[in-house]
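Sequence below, structure please.
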Amino acid sequence: MLFQPTYFSPIAQYAAIAGCENIVIEVNDNYLKQTYRNRCYIYTASGKLILNISILHTKGSKQLTKDVKIDNYYNWQKQHFKTLESAYRSSPYFEFYEDDLRALYDKKHTYLLDLNMDCHKFVMDALQEDIPHTTSLLYEPKPFITDFRSMAIVKNTRDFQNTPYVQVFDDKFGFIPNLSILDLIFMEGPNSFTYLKKQIIKMAD
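As a prediction, this is how the structure comes out:
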């Protein structure tokens, strides 16, 4: 099954991945704006918040996903980690994953793809699952495998309603669906993959 590399993908994408025996990561398409490639949504004391990564745009030409560089002019890594720490410090499992998450943000990535692949590795390690993956060799508009690339477009998964679970601030704002996979991992820990497997049936319905 074919997926876009994204920044700590929403729960919908990992629910789809949970039903795969192996996956292919698309790296040869043109980079598009308004996608989860460089953004994720988390739950904070003020409600839903976007974490966005600035990229370096090339003038007058399109960029392949694998060629997109991160704008590291300011220390966005420190900002994102501190925001996650503030939002999830009181969650049941944040401390369990904190060291590995900190190490990921301490690493300076030049390419967005490399960051997103490291994020995917972090997630799969946290889920305690080893679903093999490869990267695409060329861009196929109509691939011969199941195509989930459209799940990287924000508007395409905006209405996905995953089964509610306890969230840190749900007493203030209620349940917020389809946040970053980090929200689920910090709240459900080792139970996260079992939860995702149940969402596969829900997506099919």
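
Could I get the full set of strands for the chain?
Under the criterion DSSP state E, strands of the chain are mapped to 2-3, 23-25, 39-44, 47-52, 55-56, 69-70, 133-135.

I'd like those written out as TSV, with distance to Ser90 and mean pLDDT added.
In this view, the C-beta of every residue, glycine as well, is placed from N, C-alpha and C. TSV is the format used below for the strands of the chain (distance: least, Cβ to Cβ, whole Å; pLDDT from 0 to 100):
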stretch	distance to Ser90	mean pLDDT
strand 2-3	32	96
strand 23-25	33	96
strand 39-44	12	97
strand 47-52	16	97
strand 55-56	32	93
strand 69-70	30	96
strand 133-135	33	95
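
Include distance to Asp99 when you put these into CSV, please.
Below are the strands of the chain laid out as CSV (distance: least, Cβ to Cβ, whole Å):
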stretch, distance to Asp99
strand 2-3, 27
strand 23-25, 26
strand 39-44, 19
strand 47-52, 20
strand 55-56, 28
strand 69-70, 23
strand 133-135, 24
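
closest one to Arg158 among those strands?
strand 39-44 (10.1 Å; Cβ to Cβ).

Show me what the closest one is packed against.
strand 47-52, helix 76-88, helix 181-188 (3 or more Cβ pairs under 8 Å, 6 or more residues apart in numbering; DSSP states H and E).

show me where pLDDT drops low in the protein?
60, 200-205 (pLDDT under 70).

In it, spot the helix with the most residues.
helix 112-127 (DSSP state H).

okay, now Thr83: neighbour count?
Counted with other Cβ atoms under 10 Å, residues neighbouring Thr83 total 14.

gap between it and Phe3?
Going from Thr83 to Phe3 by Cβ to Cβ, to the nearest Å gives 25 Å.

Then Pro143?
Pro143 is 11 Å from Phe3, by Cβ to Cβ.

on that earlier part again, tell me how far the longest helix of the chain lies from the chain's centre.
Distance of helix 112-127 from the chain centroid (Cα atoms, centre = their mean, to the nearest Å) equals 8 Å.

what does stretch 86-98 give?
Distance, centroid of stretch 86-98 to centroid of chain: 17 Å (Cα atoms, centre = their mean).

Val27: neighbour count?
Val27: 19 surrounding residues under other Cβ under 10 Å.

and among the helices and strands packed on strand 39-44, the most buried is which?
helix 181-188 (a mean of 26; mean count of other Cβ atoms under 10 Å).

Please name every helix or strand in contact with that helix.
helix 11-18, strand 39-44, helix 76-88, helix 94-106, helix 112-127, helix 192-204.

Kindly point out the strands partnered with the shortest one and how each is oriented relative to it.
Right, the one you point to is strand 39-44. Next to strand 39-44 in the sheet, as set by DSSP bridges, lie strand 47-52 (antiparallel).

Ser86 is in contact with Phe94, correct?
No. The criterion here is Cβ atoms under 8 Å, and Phe94 misses it with Ser86 at 10.4 Å.
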